[in-house]
Each structure stands twice: as C-alpha cells, then as structure tokens.
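In: Everything below, folded, please.
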Amino acid sequence: MLVKLHQDGRKTDQFSIAIEQRPSKVRLEQSGDDIFLDWNSTVDDSGRLRACVLCRGDVFRERTFPQITAIVIVLAFAGGVAGLLGLVTTWLMLIAMISVLLIDIIILIFSFNRLVCYKCETRYSKLTIAPYHQKWDLDRSKQVQRVS
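Out: Model prediction:
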C-alpha cells in the first residue's frame with residue numbers, strides 16, 4: 001500500500017507498507033521522520049482499510065486520471081464541433097478523431113481507484129478497496145469539518 005501524506009492540498013511525504021504486516025511505526029521517505037500508525041478499528045475482518053491509519057478519520061473512494069485527460073477532452077470536443085459543422089471532413093480528421101479516441105481508452109485503462117481521508121487528506125493507493133466505500137460526499141465532508 002502506498003500512502004501519500006497531504007497538507008493544505010499539497011503532497012508533503014509518502015511511504016509504502018504491506019497492509020498485512022501492520023507496522024506500528026514507519027519512517028517517511030523524504031524527511032526521515034517517524035510516524036505512528038493506528039491499526040485498531042481501521043482495518044476490517046477481510047484485511048481491507050476501513051479508516052485512516054493516521055487520524056482514524058473516514059475515507060472515501062476516488063478515481064484518478066492522468067493529467068493529460070483534460071487535453072484529450074478539449075481535443076475531442078473541438079474535433080466533434082468541427083465535424084458537426086462540416087468544417088473538416090477529410091481522412092486526416094477521421095484519423096485524428098480515432099487517435100483521440102484511442103488515447104481516451106488508454107487513459108481509462110491506466111486510471112485507478114484510491115482512498116482519501118476526509119480529515120487529513122491522506123491518500124491510499126495500491127491496495128484492495130472494500131465495496132462499501134462510497135465516493136466523496138459533501139454532507140459527510142461538512143460533518144467531518146464541523147467535528148474537527
């Protein structure tokens with residue numbers, strides 16, 4: 001499992017651990033500091049993460065996409081509009097649209113799910129995610145902010 005620590009929306013450090021081992025102390029890769037992990041009630045019976053091991057906060061499922069996704073969306077929209085208006089109806093346009101479609105399919109293949117903590121924004125990837133984890137919920141986020 002890869003754990004990326006965040007503060008104020010920016011990644012500050014990261015570390016990798018095997019969730020089966022459940023170490024109580026981990027050394028951070030960049031700063032070299034030690035942090036303590038709380039495994040009590042944060043892992044379910046099947047060995048999947050249920051809550052944040054740093055702050056015991058609730059987590060939500062998030063799908064990640066490579067940064068090139070926005071460019072591909074703009075290119076697909078521009079190509080679609082040009083095709084609808086009949087501005088470009090050549091073989092070159094068809095090849096370009098097929099290329100954009102293939103890039104989009106490749107992006108979907110390389111996207112993955114991760115868990116994010118509502119409280120501390122820590123991101124957990126490269127782990128099996130339990131089916132009961134939901135996507136981000138505005139009401140739950142506001143509730144966590146009020147309690148914090």
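
In: Buried residues in the top helix by length along the chain, which are they?
Out: If you go by DSSP state H, the chain has its longest helix at helix 91-110. For helix 91-110, burial by neighbour count (16 or more other CB atoms under 10 Å) applies to Ala96, Met97, Val100, Ile103, Asp104. To be clear about C-beta, it is placed using only N, CA and C from the backbone, and glycine gets the same treatment.

In: Could you check the pLDDT of Val53?
Out: The model reports Val53 with a pLDDT of 92.

In: Surely Leu5 is in a helix?
Out: No: assessed with DSSP: H, G, I helix; E, B strand; the rest coil, Leu5 is strand; it does not lie in a helix.

In: That one reaches Gln30, doesn't it?
Out: No: if you go by CB atoms under 8 Å, Leu5 and Gln30 don't touch, sitting 9.7 Å apart.

In: The two: who's more crowded?
Out: The residue with more neighbours, out of Leu5 and Gln30, is Leu5; 20 against 11, by other CB atoms under 10 Å.
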